[in-house]
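# Build the 3D model from these lines:
(one chain, ligands or ions: 2)
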Amino acid sequence: MKTNGYSRTAVILHWILAVSIFFLFISSWWMLGLPLPTKEIQFRAFPFQLHKNIGMTLIFVVPLLLYVRFKHRPAPVPSSHMKPWMHKLATIDHIIVYVLILVTCISGYLSSAHTKWDTTLWWLVDLPRVAAANDDMNELFSDIHLWAAWGLLAVVAVHISGAIYHAFLNDGIVRRMMRW
Ligand code: HEM
Ligand code: HEM
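Ligands and ions are numbered 1, 2, ... in the order given. This next block holds a predicted model:
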């Protein structure tokens, strides 16, 4: 069964987003376990910079994906494939995913902006220093970052459960995000 899905660009951006977010989750818990930097031990800096670089890049990827999917709207899923309540759940889940990605990224940036560590985007562009080092503000945005990330994990879990359900039904929904 064939359903017209997303444009190729939207599919590529979706998978860049998905792989990046999996990487950010897995790498973040690993990077936080590394020893704090001293004169001899500096290897904590690289995974932190990588985490921040990938996260900051998503701030551009998300609006780009939204732009592309609204410019080339995918054909609606036929009602024979998805009950109205499922369609509603999927739409709400997608909106929350978009919002939580942005909240996670912005709170991560603001948490990091309140430390003494600067961020050089992809080791090329120095991000402007928007705040002075401040432990309380760092902790506040760090808490928001953590909770937004947990929330994101929850809505992504619902999203992937939906995808697995449709994969078992083999109703063509998953292929909407797989075509090349
Ligand atoms: C961290 C991981 C993921 C994130 C953040 C994510 C995010 C999103 C978002 C935001 C949309 C909505 C696109 C739109 O219409 O604006 C979407 C759609 C979709 N995603 Fe994912 N996704 C992830 C993982 C996956 C995985 C593992 C699959 C499994 C096959 C998948 C399958 C799909 C499908 C099939 C759609 C289209 C649903 C439809 O036609 O309504 N996603 N995803
Ligand atoms: C969707 C994007 C992102 C996800 C899913 C994500 C996820 C996470 C997670 C799960 C942690 C561990 C939190 C903890 O255990 O305290 C973490 C820590 C961290 N993240 Fe992100 N992150 C994202 C984007 C960013 C961005 C854009 C930045 C900064 C530019 C950033 C900076 C940090 C920093 C500095 C930490 C260390 C702990 C802290 O001070 O909050 N993250 N991230």
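# alpha carbons only for contacts and neighbour counts from here, please
Noted.
# ok, Ser68 - contacts?
Careful, residue 68 is Val; it's not Ser. Shown in contact with Val68 (Cα atoms under 8 Å, 6 or more residues apart in numbering): 7, 9-10.
# residues of the helix or strand containing it that come out buried?
For Val68, the element it lies in under DSSP states H and E is helix 45-71. Across helix 45-71, burial judged by 16 or more other Cα atoms under 10 Å covers 47-56, 58-59, 61-62, 65, 68-69.
# one step back: most surrounded residue in the contacts of Val68?
Counting neighbours by other Cα atoms under 10 Å, Ala10 leads those with 22 neighbours.
# Quick check: pLDDT value at it.
The score at Ala10 is 95. That number is its pLDDT.
# part of a strand, is it?
No. Under DSSP: H, G, I helix; E, B strand; the rest coil, Ala10 falls outside any strand and is assigned helix.
# Tell me who's in contact with it.
Taking Cα under 8 Å, 6+ apart as the criterion, Ala10 is in contact with 65, 68-69.
# Between the contacts of Val68, which sits nearest Pro76?
Ser7 (13.2 Å; Cα to Cα).
# What is the burial count for the residue nearest to Phe48 when sequence neighbours are not counted?
Of all residues not flanking Phe48 in the chain, Met31 sits nearest, at 6.7 Å (Cα to Cα, 6 or more residues apart in numbering). As a burial measure, Met31 scores 17 neighbours (other Cα under 10 Å).
# how about Met31, what does it touch?
44, 47-48.
# let's go with 10 Å and repeat that
The neighbourhood of Met31, defined by Cα atoms under 10 Å, 6 or more residues apart in numbering, consists of 24, 43-48, 51.
# Mind picking the lowest-pLDDT entry from the residues you listed?
Scoring the contacts of Met31 by pLDDT puts Phe43 last, at 77.
# This protein: strands as residue ranges?
120-121, 125-126 (DSSP state E).
# Go through these and pick out the most buried.
Mean neighbour count, computed with mean count of other Cα atoms under 10 Å, is highest for strand 120-121 among those, reaching a mean of 15.
# What is that one packed up against?
Applying 3 or more Cα pairs under 10 Å, 6 or more residues apart in numbering; DSSP states H and E, one finds that strand 120-121 contacts helix 45-71.
# Please give the centre-to-centre distance between the helix it packs on and its chain.
Taking Cα atoms, centre = their mean, to the nearest Å, one finds the center of helix 45-71 at 7 Å from the center of the full chain.
# Quick check: Ile21 touching Ile54?
Yes. Counting by Cα atoms under 10 Å, Ile21 touches Ile54, with 8.7 Å between them.
# Kind regards, and thank you for your time.
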